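Colleague: starting from these lines, generate the structure:
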Amino acid sequence: MGNLRIFNLNELTQLNKASVFIETGTLYGDGIVQALRYDFDRIISIEIEPTVAEKARHRFRNESRVEIITGHSTSVLEEILPTIDSNILFWLDAHFPGADAELKSYDEIKKLDFNLNLPLEDEINLISKRLGKYKDVLICDDLWVYESIKEGSDKKRPSFDEHCKAHGHNITLNDINPDGKDLSMLYETFGKTHDFRKVYRDQGYVIVYPL
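Modeller: Model (predicted):
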């Protein structure tokens, strides 16, 4: 669960004049609250858990710019991205479906398929189809799943395993990322058109922005 509030979205949208905000992983709606502070024409949030999505729809029922879509992030992105003819700011924060909302235990979600627990790679592949025509900005959460966020940090921060142990979650990084996947797919996909900045706060972030 990332914290979009630490980012200046005006600064990021100046890089591509994005008029659309797309979030994967709604949870409590904090990302939507932050996006509403900016001048996006559309704010789209994708949530896999129906009960979580419905609560968000009720919370933002009077916000005409907000659309909550229930479904797996990759399925929804595959459907809606071809319909959006503008630059987008993506907040990619979908992971561990139902666990952060306490609808499932972490012991349950570690048995799920990798791409269901961590859909970032599939999300990136879909967004990459827009390269050449659009200049999207991406903020990707959960850097700590793919590399140690202690690297480059001015403070010692807990690893994924240390955090889970301290909070009584019966899960390790090896449970959800047994093949040790890193962010090479991100760099290979956007390396020629975008630059990257890592932020070593919380669980770690990567910002991908057009050159």
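
Colleague: for the rest of this, base every contact and every neighbour count on C-alpha atoms.
Modeller: Noted.

Colleague: element containing residue 68, please.
Modeller: Using DSSP states H and E, residue 68 maps to strand 66-70.

Colleague: partners of the residue positioned nearest the centre of the chain in the sheet?
Modeller: The centroid of the chain falls nearest to residue 92 when counting by CA atoms, centre = their mean (1.6 Å). Listed beta-bridge partners, residue 92: residue 24, residue 140 (assigned using DSSP bridges).

Colleague: surely residue 148 meets residue 158?
Modeller: No. Between residue 148 and residue 158 there is no contact under CA atoms under 8 Å: 9.2 Å.

Colleague: between the helix ranked longest in the chain and strand 66-70, how big is the angle?
Modeller: Longest helix of the chain, by residue count under DSSP state H: helix 50-59. Between the axes of helix 50-59 and strand 66-70, defined by axes from the mean of the first three to the mean of the last three CA atoms, to 10 degrees, the angle is 160 degrees.

Colleague: follow-up on the earlier one: packing partners for the strand holding residue 68?
Modeller: strand 42-47, helix 50-59 (3 or more CA pairs under 8 Å, 6 or more residues apart in numbering; DSSP states H and E).

Colleague: what about residue 162, neighbour count?
Modeller: Using other CA atoms under 10 Å, residue 162 has 12 other residues around it.

Colleague: what does the helix or strand harbouring it rub up against?
Modeller: Using DSSP H and E, residue 162 sits within helix 160-166. Helix 160-166 has contacts (CA atoms under 8 Å, 6 or more residues apart in numbering) with 144, 145, 170, 171, 172, 173.

Colleague: go again with 7 Å.
Modeller: 144, 145, 171, 172, 173 (CA atoms under 7 Å, 6 or more residues apart in numbering).

Colleague: mind checking what helix or strand follows it in sequence?
Modeller: Remark: after helix 160-166, the chain's next helix or strand is helix 173-176, criterion DSSP H and E.

Colleague: after that following helix, which helix or strand is next?
Modeller: Sequence-wise, the next helix or strand downstream of helix 173-176 (DSSP H and E) is helix 184-190.
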